[in-house]
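Participant: Turn this into a structure:
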Amino acid sequence: MKLIAFTPVWGRHEILEIWVEGVRRLRKNFDITPAVMVSNRDDYWFMRLAEGQGFYPYVFSVPNNPLGRKQNIGLNYCRAINFDYIVQISSNLLLTDKGMEKLLEQAPAQVISFGSAYFVKDGRAVRFIKPGHKAMGACRMIHRSVCEGNNFMLWDDELNRNLDHSSQQRMPPPVIVKGTHVVGVKSEVQITPFENLEKLGETVDFDKALRGLGEKEIELIKNL
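Facilitator: Below is the predicted model of the structure:
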């Protein structure tokens, strides 16, 4: 199964270095290619990092605003890549190996999602479950046929928020995978602050939330 780690990037270099380690880990066991949309302010920094990690040639310089257009441009670039699914591993997300296995177990479903995720910040952790047990966009897996059916445009160009809802209108209902296998690393610059998730989610042990990640990822998270 050929996969793409579909990732828009903007700033947050320390967290992005953790994402790089997470994708490196996944690549040891899965056929996954990073396709990264880098905003202009981060071009030089990230492309040097990506080249050193063997992420080329699928790193694209794309204006950051609006985010919907940025992701559509990135998805259009993916036309030329041989893949079965894109996996939306945003630049602050980490997907465990077990989580990747759980997603692949549901193939050939067209859209496969998780219903929950851990979020961590400053030694705190929370488990957030999507209200109504609905699908999350975090690490959602989308089949190539869905991309092709939408002419590689899954989001409203003008949007900076509510992108998951926007894209879901263009897709069949997702299969939702049980269990929590995604970790979101929060910073001070977020669309949804960690403190908001604390109010809505369940506080969990910090180390428990990091289980399933690689040693280097855990070390970098604890040193933030």
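Participant: Quick one: low-confidence residue ranges for the protein.
Facilitator: 40-43, 56, 133, 188-191 (pLDDT under 70).
Participant: mind listing the strands for it?
Facilitator: All strands of the chain, identified by DSSP state E, fall at 3-9, 32-38, 59-61, 85-87, 93-95, 111-114, 116-121, 124-129, 141-143, 175-177, 182-185, 202-203.
Participant: of all those strands, which gets the most neighbours per residue?
Facilitator: strand 93-95 (a mean of 28; mean count of other C-beta atoms under 10 Å). (Each C-beta comes from the backbone N, C-alpha and C, glycine too.)
Participant: Could you list the paired strands of that one along with their orientation?
Facilitator: Sheet pairing of strand 93-95 (DSSP bridges) gives strand 182-185 (antiparallel).
Participant: distance of the residue most central in space within the chain from Ser187?
Facilitator: Central residue of the chain (C-alpha atoms, centre = their mean): Ile89, 1.6 Å from the mean position. With the distance defined as C-beta to C-beta, to the nearest Å, Ile89 ends up 17 Å from Ser187.
Participant: need the strands of the chain in JSON lines with distance to Asp156, can you?
Facilitator: Formatted as JSON lines, those follow (distance: least, C-beta to C-beta, whole Å):
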{"stretch": "strand 3-9", "distance to Asp156": "15"}
{"stretch": "strand 32-38", "distance to Asp156": "16"}
{"stretch": "strand 59-61", "distance to Asp156": "20"}
{"stretch": "strand 85-87", "distance to Asp156": "18"}
{"stretch": "strand 93-95", "distance to Asp156": "22"}
{"stretch": "strand 111-114", "distance to Asp156": "18"}
{"stretch": "strand 116-121", "distance to Asp156": "24"}
{"stretch": "strand 124-129", "distance to Asp156": "25"}
{"stretch": "strand 141-143", "distance to Asp156": "16"}
{"stretch": "strand 175-177", "distance to Asp156": "24"}
{"stretch": "strand 182-185", "distance to Asp156": "23"}
{"stretch": "strand 202-203", "distance to Asp156": "32"}
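Participant: show me what contacts the residue nearest to the centre of the chain?
Facilitator: Taking C-beta atoms under 8 Å, 6 or more residues apart in numbering as the contact definition, Ile89 lies against 5-7, 19, 22-23, 95, 139.
Participant: now it, nearest residue through space, not along the chain?
Facilitator: With sequence-adjacent residues excluded and distances taken as C-beta to C-beta, 6 or more residues apart in numbering, Ile89 is closest to Ala5, at 4.7 Å.
Participant: Is that neighbour bridged to anything, and to what?
Facilitator: Going by DSSP bridges, Ala5 forms beta bridges with Pro34, Val87.
Participant: Is it in contact with Ala35, as I believe?
Facilitator: Yes: contact criterion C-beta atoms under 8 Å: Ala5 and Ala35 qualify, at 6.8 Å.
Participant: contacting residues around Pro131?
Facilitator: Pro131 touches Leu200, counting by C-beta under 8 Å, 6+ apart.
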